[in-house]
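1. got a predicted structure plus its sequence, pasted below:
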Amino acid sequence: MKSDVKLFENGRRLDGRKPDELRKIKIEVGVLHRAEGSCYLEWGNNKILAAVYGPREAIPRHTQNPLRAIVNARYNMAAFSVDERKRPGPDRRSREISKVISEALENVILVEKFPRATIDVNIEVLDAEAGTRCAGLTAAAVALVDAGIPMRDIPVACAAGKIEDQVVLDLGKEEDNYGSADLPVAISPRTNEILLLQMDGHLTVEEFDKALDLAIKGCHIVSEFQKKAILEKYRHIPKEVG
Ligand code: ADP
């Protein structure tokens, strides 16, 4: 979408970032006591809480898969998380995001180890400012590690996009509103396998390749934040416990 809003000036973006710069990220592990695993994540002005329950028997029983666990991610945006109060409860957008995050996580969790079980992942967006599906998936992955759920890798997500004919990393709110494309990507960082790829807007094939490459680079940076936060929590556990 073309607009009169100037998103770039002297090579810098509205918030002063360079094209390949991420917003600030802060991750805290194990913030809730009743969840098996949890994570609080700030990414720019996004604030997100993820909580994992399970694996536990899937109920009602007809939802069970005798061969593997089902992964049930539920993305929810709080009514107060956006400028104009959002109507509480699920809507089309949150159902779509829940589905794509569930499918991304299912591909890294060792679901075959837990037949008939469900692993519930609650993602609560407390403050939203673009990029919440990437931030939500990133927080959910850390909460899954905190819950001790076995995974092939720690999945991670980051978006790239296009503003004023330039491909940039991690769109902020105005960039998302007035930019011309947004490309959220989730990967397994060990193998670079793509777990989620969505696109909103228009890109040429060359721009798409560039944006995908940039988003994957962003994922690897975010992955380091995840690992650092996990180490931060578990480094201090005394050896004699357990
Ligand atoms: P993502 O948050 O993954 O980028 P979208 O592209 O759908 O997902 O949304 C972009 C941003 O638009 C959100 O992060 C949020 O700031 C805002 N937004 C989404 N839904 C609503 C809504 N119902 N009311 C107000 N703002 C919203």
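-> Perfect, I can see it now.
2. those residues of the chain touching the ligand, which are they?
-> Where the chain comes near the ligand, counting by CB under 6 Å from any ligand atom, the residues are 82, 86, 93, 128-133, 173, 176, 182, 184. Every C-beta, even on glycine, is put in place using the N, C-alpha and C of the backbone.
3. ok, 8 Å please
-> 46, 77, 81-84, 86-87, 91, 93, 97, 125, 128-136, 159, 171, 173, 176-177, 182, 184, 200 (CB under 8 Å from any ligand atom).
4. what about these, which are in helices?
-> Here DSSP state H is the test, and the residues of the chain next to the ligand give 93, 97, 132-136, 173, 176-177 as lying in helices.
5. which of these sit farthest apart?
-> Spatially, the most separated pair among these is G136 and N177, at 19.4 Å (CB to CB).
6. who has more neighbours, these two?
-> G136 (30 against 13; other CB atoms under 10 Å).
7. quick check, nearest of the ones in helices among the residues of the chain next to the ligand to D4?
-> Nearest to D4 among these is N177, at 12.5 Å by CB to CB.
8. if we can go back for a sec, are any of the ones in helices among the residues of the chain next to the ligand buried, and which?
-> Neighbour-count burial within these applies to 97, 132-136, 173, 176; the criterion is 16 or more other CB atoms under 10 Å.
9. now do the phi/psi pair for P66.
-> phi -70, psi -10 (degrees, to the nearest 10).
10. neighbours around it, how many?
-> Neighbours around P66, by other CB under 10 Å: 6.
11. correct me, but it touches P115?
-> Yes: with contacts defined as CB atoms under 8 Å, P66 counts as touching P115 at a distance of 5.6 Å.
12. any residues in contact with both of those two?
-> Contact criterion CB atoms under 8 Å, 6 or more residues apart in numbering; residues shared by P66 and P115: none found.
13. got a list of what G136 touches?
-> Shown in contact with G136 (CB under 8 Å, 6+ apart): 48, 50, 75, 97, 101, 123, 125.
14. skip the chain neighbours and tell me the closest residue to it.
-> I123 (4.1 Å; CB to CB, 6 or more residues apart in numbering).
15. per-residue confidence for that neighbour?
-> Among the per-residue scores, I123 shows a pLDDT of 98.
16. which element is it on?
-> strand 117-127 (DSSP states H and E).
17. what's that strand packed up against?
-> strand 46-57, strand 70-77, helix 92-106, helix 132-146 (3 or more CB pairs under 8 Å, 6 or more residues apart in numbering; DSSP states H and E).
18. tabulate the CA atom coordinates of the third one in CSV.
-> Once side chains and other backbone atoms are set aside, the C-alpha atoms of helix 92-106 remain, and they are given as CSV (Å, rounded to 0.1, in the frame of the first residue of the first chain):
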residue,chain,number,x,y,z
ARG,A,92,-11.0,-15.3,12.7
ARG,A,93,-7.5,-13.8,13.1
SER,A,94,-6.7,-15.4,16.4
ARG,A,95,-8.0,-18.8,15.2
GLU,A,96,-5.8,-18.6,12.2
ILE,A,97,-2.7,-17.6,14.3
SER,A,98,-3.5,-20.4,16.8
LYS,A,99,-3.6,-22.9,13.9
VAL,A,100,-0.4,-21.9,12.2
ILE,A,101,1.5,-21.8,15.5
SER,A,102,0.1,-25.2,16.6
GLU,A,103,1.3,-26.7,13.3
ALA,A,104,4.7,-25.1,13.5
LEU,A,105,5.2,-26.4,17.1
GLU,A,106,3.9,-29.9,16.2
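19. tell me the buried residues in the biggest helix by length in the chain?
-> The longest helix of the chain (DSSP H) is helix 205-234. The neighbour-count check on helix 205-234 (16+ other CB under 10 Å) flags 207-208, 210-212, 214-216, 218-219, 221-223, 225-227, 229-230, 233 as buried.
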